[in-house]
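Asks: got a predicted structure plus its sequence, pasted below:
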Amino acid sequence: MDESLPEQGPLRILIADDSDSDRLILARLVERQGHQVVCARDGMEAVECFREHSPHIVLLDVMMPRLNGMEAARQIKVMAGERLAPIIFLTSISDAQTLARCLESGGDDFLSKPYNRVILEAKINAFNRMRLMHRTMSHQRDLIRDRNRLLLSEQRVAKRVFDNVAHTGCLDAPNLRYHASPLSIFNGDVLFACPIPAGGMHILIGDFTGHGLPAAIGAMPVAEIFYGMASKGFGCEDVLKEINQKLKRILPTGMFCCALFIQADFHLNQLRVWNGGLPDGYLVRHNGERIKLPSNHLPLGVLGSERFAVEVDVICTEPGDALLVATDGILEAENADGEMFGEDRLQDAMAGCTGGDDLFDSVMAAVSQFTGDQGVQDDLTVFALEMVDEQVLADIPSGLPQSPLSGATEWQCVYELTDRTLGQFNPLPLLLQICLEVPGLRRRSGEIYTLLSELYSNALEHGILQLPSEWKISPEGFGQYYAEREKRMSETVGHSIRFTLRHTSQEQGGRLEILCEDSGKGFDYRPCLAETCSDNKYSGRGLMLLRQISSSLSFNDKGNQVGVVYDWKFT
């Protein structure tokens, strides 16, 4: 249908009337107004003329042979589709019910006989303005629809990219349960979990301001930083600092990420928790006791690096204890009456729960029952972590995707830390990455990290700081040990620790040799390697672990030079 005529150009007007005289008079009036006229003598001919000529306005007599005006109007409206083709009925009828049926059949107005030239011109102009307005609105609607389709298509592509970056990590671990319900294609909430080389896992649950694509844009760098640093062995404090600095730099004013960071250690049965702006988390003991984990910090991306605080809450746990964390979507979930789920209902849902599965299922059931058919009005993420024996999670790191890049297999490097750096910088992530450049070692990151960590701790604490291992015979001695460690960290000036790393290829694997030297006075390592030390719960545990993991372990006479040989094979 031709909609290309200019707004001020002549219109094409269909006149359908079985009276030759009335049709001729009306045609002359319309032509004198500068419009083109198409004539029809009955309703059937009017429908055919409309199909052939696509007129802009139709003047239609009510009473005509073969097909009356009302039936013709119905067929014309069907052919016009979404295009507005105004129909003005020509009639001398004054019966209200008949006129109403004309409008119901598709008519838009009436023109009474005999015709008034001024009224005729005014109605044609008025309906032409309406037709042009409808055409403009339809065009804008189509543009919006096409743009929306394009936007949704682009968002789906971006969502696939985002999901690949912000992958599930180890969220499929047997001791984790979670639920995420996005308000749009993208979720303003984020949930990441990654095993760490030292054992255990890092978990980040966050809630960006806003919803959809703007919120997800901030989540992309958070995912990159989180998974990249966690897999390299960085602690939660370092990861939080890096994420906060990145978000502070890239997010606009007023946009930030409320977050709760968890470092779970299943060997020590310990949780390190940082809460910045999320609702209170809860640790539910296996005996039913609940410990609140409130927000003690501002959200990520609000403060600059110099004011950002990373102090964490350290919580001792036992197997069977469970941690529940949720974004504010759970507290703000509404029922049909507009009531919010709120803190009290959450507390009731947790009452009597034991274990992660029981806790998660109870809370989700309570929210679902409360909201009913309403659904959620905000992004909602709920997460439950159960503390378990570390052996349950032993195979999780091997299930993560590995880099396809090949690295050097024959190499040697020396890395030395001196003076105050010993007390201010953690070299383990860097040293670990050097070793993991060997492709075959990437799935052994846990053992490599343990070797490096124990060597460095031994050199720093016993070699340089001269802390006696005997203090760690009891839990009480642990407190004294680490209090004295903090006090002596200022005494590292003039000291150094040097790592010499060397890797060589072997048949079906390779050999990693690590030599750690410190500038301290040394210590007597022999009692710690005695068989009786294997029964000691704390003292000497690190050296015994080194001996178990490595192919060989050697010391110089002073004890300030330790060598480890680690042989491995492809699996």
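Replies: Yep, it's here.
Asks: what's near enough to touch Gln412?
Replies: For Gln412, the contact set (CB atoms under 8 Å, 6 or more residues apart in numbering) comprises 500-503. In this view, the C-beta of every residue, glycine as well, is placed from N, C-alpha and C.
Asks: with only the CA atoms kept, save the helix or strand containing it in CSV.
Replies: In this assignment (DSSP states H and E), Gln412 forms part of strand 411-418. What follows is strand 411-418, C-alpha atoms only, in CSV (Å, rounded to 0.1, in the frame of the first residue of the first chain):
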residue,chain,number,x,y,z
TRP,A,411,63.9,-23.4,32.8
GLN,A,412,65.5,-21.9,36.0
CYS,A,413,64.9,-18.7,37.8
VAL,A,414,65.9,-16.9,41.0
TYR,A,415,63.6,-14.7,43.1
GLU,A,416,64.8,-12.8,46.2
LEU,A,417,62.9,-10.7,48.7
THR,A,418,64.7,-8.3,51.0
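Asks: now do the buried residues in that strand.
Replies: For strand 411-418, burial by neighbour count (16 or more other CB atoms under 10 Å) applies to Leu417.
Asks: so of the contacts of Gln412, which ones are in strands?
Replies: 500-503 (DSSP state E).
Asks: tabulate those (JSON lines), appending neighbour count and distance to Gly218.
Replies: JSON lines is the format used below for the ones in strands among the contacts of Gln412 (neighbours: other CB atoms under 10 Å; distance: CB to CB, whole Å):
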{"residue": "Thr500", "neighbour count": "15", "distance to Gly218": "42"}
{"residue": "Leu501", "neighbour count": "18", "distance to Gly218": "37"}
{"residue": "Arg502", "neighbour count": "15", "distance to Gly218": "42"}
{"residue": "His503", "neighbour count": "23", "distance to Gly218": "39"}
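Asks: let me know the next secondary structure element after the longest helix seen in the chain.
Replies: Of all segments of type helix in the chain, defined using DSSP state H, the longest is helix 117-165. Sequence-wise, the next helix or strand downstream of helix 117-165 (DSSP H and E) is strand 176-181.
Asks: and that next one, what's its mean pLDDT?
Replies: What strand 176-181 shows for mean pLDDT is 87.
Asks: same question for stretch 129-138.
Replies: Per-residue scores along stretch 129-138 average to 89.
Asks: list the buried residues of it.
Replies: By neighbour count on 16+ other CB under 10 Å, the buried set for stretch 129-138 is 131-132.
Asks: just confirm Gly520 is within a helix.
Replies: No: using DSSP: H, G, I helix; E, B strand; the rest coil, the assignment for Gly520 is coil, not a helix.
Asks: now it: phi and psi?
Replies: With angles defined as degrees, to the nearest 10, Gly520 sits at phi -80, psi -180.
Asks: ok, it - contacts?
Replies: By CB under 8 Å, 6+ apart, Gly520 lies in contact with 459, 462-466, 495, 560.
Asks: which helix or strand contains the residue sitting nearest the centre point of the chain?
Replies: Centrality entry for the chain: nearest residue to the mean C-alpha point is Val190, 4.0 Å, by CA atoms, centre = their mean. If you go by DSSP H and E, Val190 is part of strand 189-195.
Asks: against which helices or strands is the helix or strand that that strand is followed by packed?
Replies: Using DSSP H and E, the helix or strand that follows strand 189-195 in sequence is strand 201-208. Contacts defined by 3 or more CB pairs under 8 Å, 6 or more residues apart in numbering; DSSP states H and E place strand 201-208 against strand 189-195, helix 212-231, strand 257-265, strand 380-386.
Asks: and Leu14, how many residues sit next to it?
Replies: Applying other CB atoms under 10 Å, we find 24 residues neighbouring Leu14.
Asks: what number of residues lie near Arg547?
Replies: Applying other CB under 10 Å, I find that Arg547 has 14 neighbouring residues.
Asks: quick check, it in contact with Leu553.
Replies: Yes: counting by CB atoms under 8 Å, Arg547 touches Leu553, with 4.9 Å between them.
Asks: by neighbour count, which of the contacts of Gly520 wins?
Replies: Neighbour counts for the contacts of Gly520 (other CB under 10 Å) peak at Ala459, which has 27 neighbours.
Asks: now do the contacts for that residue.
Replies: By CB under 8 Å, 6+ apart, the contact set of Ala459 is 497, 516-518, 520, 560, 562.
Asks: can you redo those as CSV, where the extra columns are secondary structure?
Replies: Converted to CSV, the contacts of Ala459 look like this (three-state DSSP):
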residue, secondary structure
Ile497, strand
Cys516, strand
Glu517, strand
Asp518, strand
Gly520, coil
Asn560, coil
Val562, strand
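Asks: which sections of the chain are below the confidence cut-off?
Replies: By pLDDT under 70, the weakly predicted segments of the chain are 1-8, 161-168, 182-187, 211-215, 374-378, 396-406, 474-475, 528-540.
Asks: okay, now the domains of it?
Replies: Here the domain parsing of the chain from automatic domain parsing is 12-138, 166-393, 402-569.
Asks: quick one: residues contacting the nearest residue to Gln245 once chain neighbours are set aside.
Replies: Nearest residue to Gln245, sequence neighbours excluded (CB to CB, 6 or more residues apart in numbering): Ser305, at 5.2 Å. Shown in contact with Ser305 (CB under 8 Å, 6+ apart): 241, 244-245, 248.
Asks: recalculate using a threshold of 10 Å.
Replies: 241-242, 244-245, 248-249 (CB atoms under 10 Å, 6 or more residues apart in numbering).
Asks: same deal with Arg28?
Replies: By CB under 10 Å, 6+ apart, Arg28 lies in contact with Val37.
Asks: now Ile250
Replies: Shown in contact with Ile250 (CB under 10 Å, 6+ apart): 217-218, 220-221, 301.
Asks: what's the answer for Glu104, then?
Replies: Glu104 neighbours (CB under 10 Å, 6+ apart): 70, 73-74.
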